[in-house]
Every structure is written in structure tokens, then in C-alpha cells.
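1. dropping the sequence and predicted coords here.
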There are 2 protein chains.
Amino acid sequence: MKLQAPSHEEHAMPVDLRMTPQRSVVHEVLRSSFDHPTATEVFLRSKDRMSTISLATVYNCLDALIEHGLIRQVNVDRDSSRFCANLNDHVHFHCEQCGVMMDADPIEKLDVTKFWKLPQGCQVTEPAIAIRGLCPTCVDKNQKVASR
Amino acid sequence: MKLQAPSHEEHAMPVDLRMTPQRSVVHEVLRSSFDHPTATEVFLRSKDRMSTISLATVYNCLDALIEHGLIRQVNVDRDSSRFCANLNDHVHFHCEQCGVMMDADPIEKLDVTKFWKLPQGCQVTEPAIAIRGLCPTCVDKNQKVASR
DNA sequence: GATGAGATCAAGAATCATTCTAATTCAAAA
DNA sequence: TTTTGAATTAGAATGATTCTTGATCTCATC
């Protein structure tokens, strides 16, 4: 049973999602977080706003929000998934030392077929790009240690 | 205690690793596999050559081989890690439908700073790139289903 | 060849993120 | 108000990986 009018298929962001209090809280937590929290971190922050919410519900809400294009899931290696409410086209910079994750906005569109020879007959959906390195804080930290 | 002469630091592939029968088997399994098997798959294939080998040992051997640069670990999302004996510079194409993973060789080097605005002060180590899409087999399969 | 120290191996327990299950609650349509 | 399917919840289950511990092996030296 559809609870709201179905979204237009051609839109990137469907809206036929029942906005329950729990889903609102999870969404709001992510929209006010800039550090790409894990599910457990989202759960802890959600509890501040709704003390009865459970971890299972947070997982359910994250799934629903992802499915409806309201948030994005970010994976780097096999670390816990992280979540992100920035829907603009962007990739993630991941600090190998402290694990912090930062958004990096595109300058120009990458055509993967210009850079890699794909096996004959493949259909590309999307490249998954994570840029690894050291964040400014860790670069500083290492310099101080090195100069002692 | 060093068991063999230390490798030259400037070489990409250190060799001071004791090549035990178990490590040889795991390495050989990977060198003769072109499908990027998971640890469990490596374990099953290794048992054909050495029936007494354990999963724990396969994990230990994989770690040792990675640490010494003889194989590479490949992660896509939070799926089980896969392993790869192709040491040439390459990225991975991952089929979203059947999960198969294929190597894609580079045409030219990608300078990530040309394509994305990194946060001020970041030091880039390496981009982690996985290209998602449909493999030729799944493209075919879908066409047949669609044309019925 | 025997010995000792450290490396490696193996089995099973432990961990941890995530998913599943089943019972309960809720919200919108009839 | 009743019905019906969806959402929530707590806790169990899953599954990949890591840890622990004791046994075994290897090499350098005696």
C-alpha cells in the first residue's frame, strides 16, 4: 500500500517514505554531522534526541533513508560503514592514521574508460573512489614527532 | 632474528619471508586463480593441495604474503576481502550482479588533485578505485531476460 | 647429531558489525 | 472504530576475521 503519492521516476530523490519520528531523528543527526559517523555513532547521537531508539531501528532507518536517496553509505576497506547526508556529487578522503573522513568536491568529471582498459563488454555504473592519505592534523602531528 | 638477508628497502617486493609449505601452497593457489577468491575460497583450494591446512593458517599466510608484497588484498564495500596475485599496477572492475571481479590495466596515471578538491593540507597516499558495473555475462543475461 | 629460541601452525574461542526473527506498536484507509 | 500492512524493538543469529594458546618446526650454534 502506497502511503503517499509515488515519486516521479525521473527524479533522483524519491520522496514516498513515511517520515516516522525515528527516521527524522536519524536523518537530522546525519544532517548535523560532518564526520561521517558509523551506525553505532549515529545510534548514540540519536539517543540524545530520542532515548528509546534502538540500534536495530537505527539500522532500519539508515537502510530506508539510503533506499530513498536521502543519505549515502560510505565504505572504506572493511571498516564499519559510515553515513553521509551530503548528496552533492563528491568522493571521500580517508585518513589512514586517524580514520577521519572528509568530503572532496569534483573539479571535473572522471571518465574511467580514459584511464583504465576495462574488460570487453563491461557496462560501467559508477566508479567507487576513496582517496587515502593523511589529514592535515595527522601531517602536523607526525612533523612534531619527527622533529623531536 | 633475521632468517635471511634483509631485502633492499628500495625494492617493492621484500623477500625476507620464510617460505613454508603452507605459504607456498597459498601463494600458488592465488597465482593460479584469476577470480580473486575470498579467504574461505583460498582455504578450500589450498586443501586440495594440502589437506591438513587450516583456515587460521590460510589467514596467517595471506597476512604474511600481503605484508611482504607478494599478493594484494582487494576490498569492495564490506564484502569479504578478496586476494590477488597480480602485482602490476591495476584497479578492479566489480560486477554488481554476480560479484565477479576483474582486473583493469591503467592507460595513464590518474592525478586525483586534477579531479577533486582535497581539503587543505592533506597528503595523498593513493587513490583506492573500484569500478562498478555489469560484467559481459550479466549484460547478456539481462538482455535475454528483457527480450522475452 | 643435539639443543634452544623464536617463528609458524592449528583448533577453537572471541569479537564485532550487521542481519534476522518474532512480538508489539503504530498509522492510515476503510 | 476496525483492519491491515508497515515500523519498531530486543535479542538471537550470522559470518568474516582476529585472538589465544599450546604444539610443532627451523635454523644457528654447540
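-> Structure received.

2. contacting residues around the residue of chain A found nearest DNA strand C?
-> Going by Cβ to the nearest atom of the strand, DNA strand C is nearest to residue A:81 of chain A, at 3.4 Å. No exception for glycine: its C-beta is placed from N, CA and C like everyone else's. Residues in contact with residue A:81, defined by Cβ atoms under 8 Å, 6 or more residues apart in numbering or on different chains, are A:38-39, A:73-75, B:78.

3. in ChimeraX, select just the buried ones from these.
-> Those of these that count as buried under 16 or more other Cβ atoms under 10 Å in any protein chain shown are selected in ChimeraX with:
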select /A:39,74,75
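
4. so which of the contacts of residue A:81 are also by DNA strand D?
-> With the criterion set as Cβ under 7 Å from any atom of the strand, no member of these is near DNA strand D.

5. dump the contacts of residue A:81 into a markdown table; add secondary structure and pLDDT as well.
-> Listed next are the contacts of residue A:81 as a markdown table, based on DSSP: H, G, I helix; E, B strand; the rest coil; pLDDT from 0 to 100:
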| residue | secondary structure | pLDDT |
| --- | --- | --- |
| A:38 | strand | 97 |
| A:39 | helix | 97 |
| A:73 | strand | 97 |
| A:74 | strand | 96 |
| A:75 | coil | 95 |
| B:78 | coil | 94 |
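
6. ok, the contacts of residue A:81 vs residue A:94, which is closest?
-> residue A:74 (8.8 Å; Cβ to Cβ).

7. what is the closest residue to the closest one other than its chain neighbours paired to in the beta sheet?
-> With Cβ to Cβ, 6 or more residues apart in numbering or on different chains as the criterion, residue A:74 has its nearest non-adjacent residue at 4.6 Å, and that residue is residue A:82. When bridges are called by DSSP bridges, residue A:82 pairs up with residue A:38, residue A:74.

8. just checking, residue A:82 touches residue A:40?
-> No - assessed by Cβ atoms under 8 Å, residue A:82 is found out of contact with residue A:40, at 10.7 Å.

9. ok, the two, which is more surrounded?
-> residue A:82 (22 against 12; other Cβ atoms under 10 Å in any protein chain shown).

10. quick one: contacts for the more buried one?
-> Here residue A:82 is in contact with A:36-38, A:73-76, A:101 (criterion: Cβ under 8 Å, 6+ apart).

11. same thing with residue A:71?
-> A:27, A:30, A:62, A:65, A:83-85, A:87.

12. max pairwise distance over these: which two?
-> Among the contacts of residue A:71, A:62 and A:87 lie farthest apart (Cβ to Cβ), at 14.8 Å.

13. of these two, which one has the most company?
-> residue A:62 (21 against 12).

14. quick one: the nearest residue to residue A:80 once chain neighbours are set aside and residue A:44, what's the gap?
-> If the residues on either side of it in the chain are set aside, residue A:80 comes closest to residue A:38, at 4.2 Å by Cβ to Cβ, 6+ apart. Distance, residue A:38 to residue A:44, by Cβ to Cβ, to the nearest Å: 10 Å.

15. ok, now residue A:22?
-> For residue A:22, the distance to residue A:44 equals 15 Å [Cβ to Cβ].

16. let me see the ranges of the strands in chain A.
-> Using DSSP state E, the strands of chain A run over residues A:72-74, A:82-84, A:91-95, A:101-106, A:116-117, A:123-134.

17. including distance to residue A:144, could those go into JSON lines?
-> Converted to JSON lines, the strands of chain A look like this (distance: least, Cβ to Cβ, whole Å):
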{"stretch": "strand A:72-74", "distance to residue A:144": "30"}
{"stretch": "strand A:82-84", "distance to residue A:144": "28"}
{"stretch": "strand A:91-95", "distance to residue A:144": "16"}
{"stretch": "strand A:101-106", "distance to residue A:144": "21"}
{"stretch": "strand A:116-117", "distance to residue A:144": "39"}
{"stretch": "strand A:123-134", "distance to residue A:144": "13"}
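
18. cheers, nothing more for now.
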